[in-house]
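> Output the structure for:
(chains A, B and C)
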Amino acid sequence: MSAAAPGSGPAPGERALRAALFRYVLRLGDTSLVLGQRLGEWIGHAPALEEDLALANLALDLIGQARLLLTYAGEIEAEGRDEDALAYLRDAPEFLNLTLAEQPNGDFAHTIVRQWLLDAWQLEVYEALSASADTRLAAIAAKAQKETRYHYRFSSGWLIRLGDGTAESRGRTQQALDSLWRFTEELFSADEVDERVIAAGIAPAPGPAAERWRQQTDRDLRAATLPRPSAQPHPWYGKRGVHTEHLGHLLAEMQHLQRTYPGVHW
Amino acid sequence: MSAETTATDWPLFEVFIRSRSGLEHKHVGSVHAADARMAIEHARDVYTRRQEGVSIWVARSADIVASDPAEADALFEPARDKVYRHPTFYAIPDEVKNL
Amino acid sequence: MYTQALDSHGREPVPAEEAAAAAARFQARIDAEEKIEPKDWMPEAYRQTLIRQISQHAHSEIVGMLPEGNWITRAPTLRRKAVLIAKVQDEGGHGMYLYSAAETLGIERAQMFTQLLSGAAKYSSIFNYPTLTWADVGAIGWLVDGAAIMNQIPICRCSYGPYARAMVRICKEESFHQRQGFEIMLTLARGSAAQRAMAQDALDRWWWPSIMMFGPPDADSRHSAQSMRWKIKRFSNDELRQKFIDVTVPQAQFLELAIPDPLLRWDEALQHFAIGPIDWNEFQAVLKGNGPCNRERLEARRAAYEAGAWVREAAAAHAARQAARGAEVSAA
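Okay, the predicted model is just below:
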């Protein structure tokens, strides 16, 4: 809360912008956190030792992004919540991650398709945000962008190998695409939160980014010799707090210690 | 499939890392990978988790030709008595400078 | 490059006196602290001993990812989560350094995997104990990694070059593992009553298995004497165990946690801590496969390997197709 004298607090417009920015940054941070948490489930169980290490690296980058973004969100909110209060003490409806990020790992093809779709999305978002009017967000995005380039290299490489691999890998990858495609509508659909931060020059307009994302994913699908899914994308609202059933379970596991032993230091 | 029937592995690549610019690439170990692009990624994840490198080379282990230790005497011993290749072989009076 | 052209393979059998002379020359090199490198001549028993030890060591790193990996999704803060992921990832990396070193001796990694998954190869028994609470992650870092470092530092001077070099890298990376474990224990020991109890319970369960990590007493150790002569091993099991006890007891005292050994005392004459009797029956039982988690650990490795088969095959098939396309292009 502002410490300013009564009557001279932030103008209503500014207050609304801060509220929108808080939610916008949470969406980014929660998406990284939930995706990182999912990748963490793989470690020790990946299809090859080398992939254990690779998935762990992705998870580390994503958790790192989440920490920076949630810390910043807490500062914008200014109610004393730090990264851990935001990660561990919010329930599912307060999480604002993209619905795609919370989808279960499934087989390696599902994990790769989910990763590739989100990597291609983060690539656009972070690149644009590194020129944001919000310098803090720009700095976080500039760092995350480098990480994401590598993630994308990894996931698109695997998409191509699996699509253009064996009959089995192709079938599994097509299945993963078909089942996850419906969550892609949410990636670039702007709501009033987005519009407010876009108008303030903080976030990029979604149109051109969506187009680049479509072209890039098309190129990769061609290289993977996979058809673009015909399934109609469906509007999901993870970023508005309306999730699939999977998120609650993910959070129950992730938050277990903080919930069981409230208020202690770890 | 059982572990017995899938006991094949991706090919082996030898990994060479340049730890910082100005230094040469140095052999650090090996990784298995299906292709060269994957070999670079695996080498990055296995051998540069702590900023150990700024550049990576990988080469298929099968493509590397190595000298035979049994020939070490023939290959390297003949250089031993060529002491005149070293500057300290030559006695020059101390008062002569810049030599 | 190292998996081929091994000198001892595919050659005519050599006369006994020639073999004896070669063995003597080999031992002389070892005695002179020369490093043995992959393609150098070496006695078959030296090669086999190293393959056994390095692959067991590699398997231990890989199986060792599981008990701690069990807590990645439940780590209590984001910082702890990141540290734990990095640590478990390092263990995978260490396994890979070691498999890489073992492969220089003429065994393929796939063969070592098969030995692990069939139960033919051993790995460190410590990883057959369960991680029941978050404090176990602290106790493993502090005690298990502490014991591992104690075991591994002398191997940095092992006579076999690739193994020694892998160990140098591993030891450098492991010191953070032990420190983060102790930091977790310290935080818990100074935390709430419940956290303190959690820390004490972890120490109660991990102390004796950690002590047993150094292997059977010297009198019963089958491979020790020859390994010492070959400078694969530099200190005996009991020497390393004593060293570990001497450094760890004061750390437990600092944490104000009780070591679960009523007979533990400082021996003024020997200037060492003396401990009560070790339950070697438990050690043997776990080694034979009857520990609390032997079945789960191997099952988890097997499941990952088998479920990953189609992925590994897909990558190989794609690479083969790409290579064929490349050949077509260059032939055109």
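> which element is the residue of chain C found nearest chain B on?
Closest residue of chain C to chain B, CB to the nearest CB: C:Ala315 (3.6 Å). C-beta coordinates here come from the backbone N, C-alpha and C atoms, glycine included. If you go by DSSP states H and E, C:Ala315 is part of helix C:309-331.
> wait, what's in contact with the closest residue to A:Pro235 other than its chain neighbours?
Leaving aside its sequence neighbours, A:Pro235 sits nearest to A:Glu185 (CB to CB, 6 or more residues apart in numbering or on different chains; 5.3 Å). By CB atoms under 8 Å, 6 or more residues apart in numbering or on different chains, the contact set of A:Glu185 is A:233-236.
> What values do phi and psi take at A:Glu185?
A:Glu185 adopts backbone torsions of phi -60, psi -40, taken as degrees, to the nearest 10.
> hmm, back to that, just the buried members of the contacts of A:Glu185?
Among the contacts of A:Glu185, those that count as buried by neighbour count (16 or more other CB atoms under 10 Å in any protein chain shown) are A:Trp236.
> Mind putting the contacts of A:Glu185 into TSV with pLDDT and secondary structure?
Putting those into TSV (pLDDT from 0 to 100; DSSP: H, G, I helix; E, B strand; the rest coil) gives the following:
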residue	pLDDT	secondary structure
A:Pro233	74	coil
A:His234	78	coil
A:Pro235	81	coil
A:Trp236	86	coil
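> Briefly note if the lowest-mean-pLDDT helix or strand in chain B comes near chain C.
In chain B, the helix or strand scored least confidently by mean pLDDT, DSSP states H and E is helix B:72-76, which has a mean of 89. No - using CB under 8 Å from any CB of the partner chain, helix B:72-76 stays clear of chain C, with a minimum separation of 9.0 Å.
> For A:Thr217, grab the count of nearby residues.
Around A:Thr217 there are 18 other residues, counting by other CB atoms under 10 Å in any protein chain shown.
> Just the pLDDT for C:Ser221.
At C:Ser221, the pLDDT value in this model is 77.
> for C:Leu116, same thing?
If you check C:Leu116, the pLDDT there is 96.
> Which residue is the nearest non-sequential neighbour of it?
Counting by CB to CB, 6+ apart, the residue nearest C:Leu116 is C:His59, at 4.8 Å.
> And the helix or strand hosting that neighbour, what's buried?
Using DSSP H and E, C:His59 maps to helix C:44-63. Using 16+ other CB under 10 Å as the test for burial, helix C:44-63 gives C:46-47, C:49-63.
> What mean pLDDT does the next helix or strand after it get?
Sequence order places helix C:65-69 as the next helix or strand after helix C:44-63, per DSSP H and E. For helix C:65-69, the mean pLDDT works out to 98.
> after helix C:65-69, next one along is what?
Downstream of helix C:65-69 (by DSSP H and E), the next one is helix C:78-103.
> Briefly note if that following helix comes near chain B.
Yes - part of helix C:78-103 sits near chain B under the criterion CB under 8 Å from any CB, namely C:86, C:89-90, C:93, C:96-97, C:100-101, C:103.
> before we move on, the earlier item: so for the helix holding C:Ala315, what gets flagged as buried?
Using 16+ other CB under 10 Å as the test for burial, helix C:309-331 gives C:309-319, C:322.
> farthest pair in those residues?
C:Ala309 and C:Gln322 (20.5 Å; CB to CB).
> List, one by one, the residues from the stretch 101-250 of chain C near chain B.
For the stretch 101-250 of chain C, the residues in contact with chain B (CB under 8 Å from any CB) are C:101, C:103, C:108-111, C:113-114, C:117-118, C:166, C:173.
> Any idea what the residue nearest the centre of chain B is bridged to?
When CA atoms, centre = their mean is applied to chain B, the residue found nearest the centroid is B:His27 (3.5 Å). Beta bridges link B:His27 to B:Phe16, judged by DSSP bridges.
> quick one, strands of the chain?
Since no chain was named, I'll use chain A. Assigned by DSSP state E, chain A shows no strands.
> I was thinking of chain C, sorry if that wasn't clear
C:265-267, C:272-274.
> Can you list the low-confidence ranges for the chain?
If you meant another chain, say so; for now it's chain A. Scanning chain A for pLDDT under 70 picks out A:1-9, A:231.
> The chain in question should be chain C.
Ranges of chain C meeting pLDDT under 70: C:1-14, C:223, C:328-332.
> Give me the most central residue, it.
C:His57 (3.7 Å).
> hang on, that residue packs against C:Met96?
No - C:His57 is not in contact with C:Met96 according to CB atoms under 8 Å; the separation is 11.9 Å.
> which stretches of the stretch 51-200 of chain A form helices?
Using DSSP state H, counting those that start in this stretch, the helices of the stretch 51-200 of chain A run over A:83-88, A:108-129, A:135-163, A:167-180, A:192-199.
> longest single helix anywhere in chain B?
Identified as the longest helix of chain B according to DSSP state H is helix B:36-47.
> pull the CA atoms of that one into PDB?
Extracted in PDB, the C-alpha atoms of helix B:36-47 (Å, rounded to 0.1, in the frame of the first residue of the first chain):
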ATOM      1  CA  ALA B  36      26.000 -34.100 -33.900                       C
ATOM      2  CA  ARG B  37      23.600 -31.400 -32.800                       C
ATOM      3  CA  MET B  38      22.500 -33.600 -29.900                       C
ATOM      4  CA  ALA B  39      26.200 -34.300 -29.000                       C
ATOM      5  CA  ILE B  40      26.800 -30.600 -28.700                       C
ATOM      6  CA  GLU B  41      23.800 -30.300 -26.400                       C
ATOM      7  CA  HIS B  42      24.800 -33.200 -24.300                       C
ATOM      8  CA  ALA B  43      28.400 -32.000 -24.000                       C
ATOM      9  CA  ARG B  44      27.000 -28.600 -22.900                       C
ATOM     10  CA  ASP B  45      24.800 -30.200 -20.200                       C
ATOM     11  CA  VAL B  46      27.400 -32.700 -19.000                       C
ATOM     12  CA  TYR B  47      30.600 -30.700 -19.200                       C
END
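> now that helix, how far from the centre of its chain.
Distance of helix B:36-47 from the chain centroid (CA atoms, centre = their mean, to the nearest Å) equals 16 Å.
> Now the element after it, going C-ward?
strand B:55-60.
> Let me know the average pLDDT across that following strand.
The average pLDDT within strand B:55-60 is 97.
> Nearest spatial neighbour of A:Arg259, chain-adjacent residues omitted?
Excluding the flanking residues, the one nearest A:Arg259 by CB to CB, 6+ apart is A:Tyr88, at 7.6 Å.
> ok, now which ones touch the one you found?
By CB under 8 Å, 6+ apart, the residues touching A:Tyr88 are A:254-255, A:258-259, C:76-77.
> Buried ones from these, can you make that a ChimeraX selection?
A single ChimeraX command selects the buried members of the contacts of A:Tyr88 (16+ other CB under 10 Å):
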select /A:254,255,258 /C:76,77
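> Output the contacts of A:Tyr88 in a markdown table, with distance to C:Lys288 appended to each entry.
Output for those, formatted as a markdown table (distance: CB to CB, whole Å):
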| residue | distance to C:Lys288 |
| --- | --- |
| A:Met254 | 37 |
| A:Gln255 | 40 |
| A:Gln258 | 40 |
| A:Arg259 | 40 |
| C:Pro76 | 36 |
| C:Thr77 | 39 |
